[in-house]
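> pasting a predicted model and its sequence here:
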Amino acid sequence: MIRLDAVTMRYQAGSRPALRDVSLRIGEGEFVFLVGPSGSGKSTLLRLLLREERATSGLVTIDGVDLAAIPDRRVPLLRRTVGCVFQDFRLLPDRTVAGNVAFALDVIGRPRHVVRSVVPEVLALVGLAGKEKRYPDELSGGEQQRVAIARAFVGRPRVLLADEPTGNLDPATSEGIMQLLDAVNRTGTTVIMATHNAGLVDSRRRRVVELADGVVVRDERRGGYAQPQATDGPAPASQAAPGSVLTSREGG
Amino acid sequence: MRLGPLLAILFAGLRRNLAVTSAVVITAAVCLAMLGAGLLLRAQVRTVDGYLLNQLEVVVDLTDDITPAQRAGLMDALRAEPNVLAVRYESKEQVYERFKHDFRASPEVVAGVSPADLPAALRLQLADPRRGDEIVVGYTGWDGVEAVRDQQALLEPLYRVLNGFSVAAFSLAAVQAVASGALIYTMIRVSAHARRRETSIMRLVGATNATIRAPFVLECGLAGLAGGLVAGGALVAAKVFLVDGHFGHQTTFPLFGWDAVWLSAATVVAIGALAAAAMAVLALRRHLHA
């Protein structure tokens, strides 16, 4: 479904690349943890999938569509199929919980009856039933992130990108958010989550893609946060995720 | 985007930007009132033109010693002019009668003049009274011609004053337009900054560029429209109180009518709304990145 072929991304000509020769395939309905130190290229990868940036070279496709070839005026249509949540929630402080979620549907022109029926449904799904009329500053961090997830999910995107969604949350709350993302994933939505939360990654044993200096150094089907001690370098072929291609210089 | 959510965003923005929006309304109103005043002055020039041009003639005063042959030759030459529709001879007696009529309010002037003091004349009706000066230049100095007078020349000072005022009004409108444009530019910059979170979310969830920009453009368009309505109101007030209530009693010249007022008011309202919206589109290119 999502495919990166030999993708290199430089923000400025001649600068150090944020991503270098990255190749990756992510299947429909997969859950992928994206790990690696700050500056390793995780956010850049997510920005490429949102078409906030175009790769300097290489190919980024979703469902076979080359994102770089999408004309600017068609980018909004792509973004309706790719939801996104961030560490800082990015809620509108002057709108209620329901208003924040409805906003995502309103601005893409969904009819009122759809907004009225879908928003309570999604708020119930994320565990915020009864808090529709609260304002963001009346909610805990975990609840605010649930609103953000509801807003990203309300349009039923095929892919949900989460950029360190638990970065501002305590461990118990993080676990709750993680369960919510699991639930979203179970609906068939592909979830790609960039995170520094080792506990969450280790507890799930999902596919882990590790980036370092813009290069994929590990792509494990049931990985942990840290590279296995026994293995030096990339994951053994037997553990590599099906369909994943490791062609980065360090990785290959 | 549906109208309801769009209006909600629009009015939230208007509330937040009330001070700057008011400033835009005021400068736009002054600018558009000046523009409207210029348009009305032009309408006044046209009104005076339409009223007087039909009555304007070129008058060729004849010397007392002109021979009938010279007069006939002169009339033939004038009739051959393409711009001359009709040539009418007025004897000294007829000129005196006209003089008495023109100065009927000043009997002391009439009393000092006899028919012998006035020259016989040829009165020319022109197809295009604006080109009377060609006749003046062409026939001054002919045998038997004392002077050639273009009555339109009498109106030149009036036209100069009206045109001067309209140029001044248009210039002031232009200066105000620059100020309004700068204010709208600032309004967009402030507004785009204040709403950057909202617009970034709109972009993320897949709102089109047009949707993201619409509230900004509508906000400026509404401010321009409000300025236009204030200016239009000022034009109507000027017609009621200044033109009809004041000048109407002081002059026998015809003054522009309500059709000119409505046309000018509609023009300034439309220009206000459209120009403000266009300026917003321009400013958004700079301050709102897609």
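Sure thing, it's come through.
> do you know the pLDDT at residue A:191?
Listed pLDDT for residue A:191 reads 96.
> repeat for residue A:243
At residue A:243, pLDDT is 45.
> following element in sequence after the lowest-mean-pLDDT helix or strand in chain B, please.
In chain B, no helix or strand scores lower on mean pLDDT, DSSP states H and E than helix B:248-250, which sits at a mean of 78. The helix or strand immediately downstream of helix B:248-250 is helix B:258-287, counting by DSSP states H and E.
> by contact count, what packs against that next one?
Contact partners of helix B:258-287 among helices and strands, from 3 or more CB pairs under 8 Å, 6 or more residues apart in numbering or on different chains; DSSP states H and E: helix B:18-52, helix B:152-194, helix B:209-237. Every residue, glycine included, has its C-beta placed from N, CA and C.
> so which bits of chain B are right by chain A?
B:1-2, B:4-5, B:12, B:197-198, B:200-209, B:211-212, B:290 (CB under 8 Å from any CB of the partner chain).
> make TSV from the helices and strands packed on helix B:258-287 and add mean pLDDT to it.
Formatted as TSV, the helices and strands packed on helix B:258-287 follow (pLDDT from 0 to 100):
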stretch	mean pLDDT
helix B:18-52	89
helix B:152-194	87
helix B:209-237	94
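> against residue B:32, how distant is residue A:103?
36 Å (CB to CB, to the nearest Å).
> circling back: which of the residues of chain B next to chain A are buried?
B:1, B:5, B:12, B:198, B:201-209, B:211-212 (16 or more other CB atoms under 10 Å in any protein chain shown).
> pull the most distant pair out of the residues you listed.
For those, with distances taken as CB to CB, the pair at the greatest spread is B:12 and B:206 (21.1 Å).
> what about dumping the CA coordinates of stretch A:136-149 to CSV?
Extracted C-alpha coordinates of stretch A:136-149, given in CSV (Å, rounded to 0.1, in the frame of the first residue of the first chain):
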residue,chain,number,x,y,z
PRO,A,136,-9.6,21.5,25.4
ASP,A,137,-8.2,23.4,28.4
GLU,A,138,-10.8,21.5,30.5
LEU,A,139,-9.3,18.2,29.5
SER,A,140,-6.2,16.2,30.6
GLY,A,141,-3.4,15.6,28.2
GLY,A,142,-4.6,12.1,27.4
GLU,A,143,-8.1,13.3,26.7
GLN,A,144,-6.8,16.0,24.4
GLN,A,145,-4.8,13.5,22.5
ARG,A,146,-8.0,11.3,22.2
VAL,A,147,-9.7,14.4,20.7
ALA,A,148,-6.9,14.7,18.2
ILE,A,149,-7.1,11.0,17.3
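> what about that stretch, average pLDDT?
So the average pLDDT for stretch A:136-149 ends up being 94.
> buried residues, it. List them.
Buried-residue list, stretch A:136-149, by 16+ other CB under 10 Å: A:136, A:139, A:142, A:143, A:144, A:145, A:146, A:147, A:148, A:149.
> for chain B, tell me whether that stretch is touching it.
No - using CB under 8 Å from any CB, stretch A:136-149 stays clear of chain B, coming no nearer than 9.7 Å.
> where does the stretch 101-250 of chain A dip in pLDDT?
Within the stretch 101-250 of chain A, the ranges that satisfy pLDDT under 70 run A:229-250.
> try 50
A:231-233, A:235-240, A:242-250 (pLDDT under 50).
> residues from it in reach of chain B?
Residues of the stretch 101-250 of chain A lying near chain B (CB under 8 Å from any CB): A:102, A:103, A:104, A:106, A:107, A:108, A:109, A:111, A:112, A:151, A:152, A:155.
> most neighbours among these, which one?
Neighbour counts for these, by other CB atoms under 10 Å in any protein chain shown, peak at residue A:151, which reaches 29 neighbours.
> measure that one to residue A:48 for me?
22 Å.
> one step back: what about the residues of chain B next to chain A, which are in helices?
B:4-5, B:12, B:197-198, B:200-204, B:209, B:211-212 (DSSP state H).
> hmm, residue B:181 is touching residue B:278, no?
No - using CB atoms under 8 Å, residue B:181 is not in contact with residue B:278, being 9.7 Å away.
> among those two, which residue is more densely surrounded?
residue B:181 (20 against 16).
> tell me how many other residues crowd residue B:20.
That count, for residue B:20 with other CB under 10 Å as the rule, works out to 19.
> can you pull the contacts of residue A:31?
A:181, A:182, A:185, A:190, A:191, A:193, A:204, A:206, A:207 (CB atoms under 8 Å, 6 or more residues apart in numbering or on different chains).
> now the end-to-end length of stretch B:247-260.
End-to-end distance of stretch B:247-260 (CA to CA, to the nearest Å): 16 Å.
> may I see the buried residues of it?
B:255, B:256, B:260.
> return the residues in contact with the nearest residue to the last one once chain neighbours are set aside.
Read it as residue B:260. Distance criterion CB to CB, 6 or more residues apart in numbering or on different chains; nearest residue to residue B:260, sequence neighbours excluded, is residue B:43 at 3.7 Å. Contact analysis of residue B:43 by CB under 8 Å, 6+ apart lists B:256, B:260, B:263, B:264.
> please apply the same query to residue A:37.
residue A:212.
> next one: residue B:275
Counted by CB under 8 Å, 6+ apart, residue B:275 has contacts B:177, B:224.
> gap between it and residue B:219?
14 Å.
> same question, residue B:47
39 Å.
> compare those two (neighbour count), which wins?
Higher neighbour count among residue B:47 and residue B:219: residue B:219, with 27 against 17, using other CB under 10 Å.
> any chance of a markdown table for the contacts of residue B:43, columns pLDDT and distance to residue A:78?
Output for the contacts of residue B:43, formatted as a markdown table (pLDDT from 0 to 100; distance: CB to CB, whole Å):
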| residue | pLDDT | distance to residue A:78 |
| --- | --- | --- |
| B:256 | 88 | 58 |
| B:260 | 92 | 54 |
| B:263 | 95 | 49 |
| B:264 | 95 | 49 |
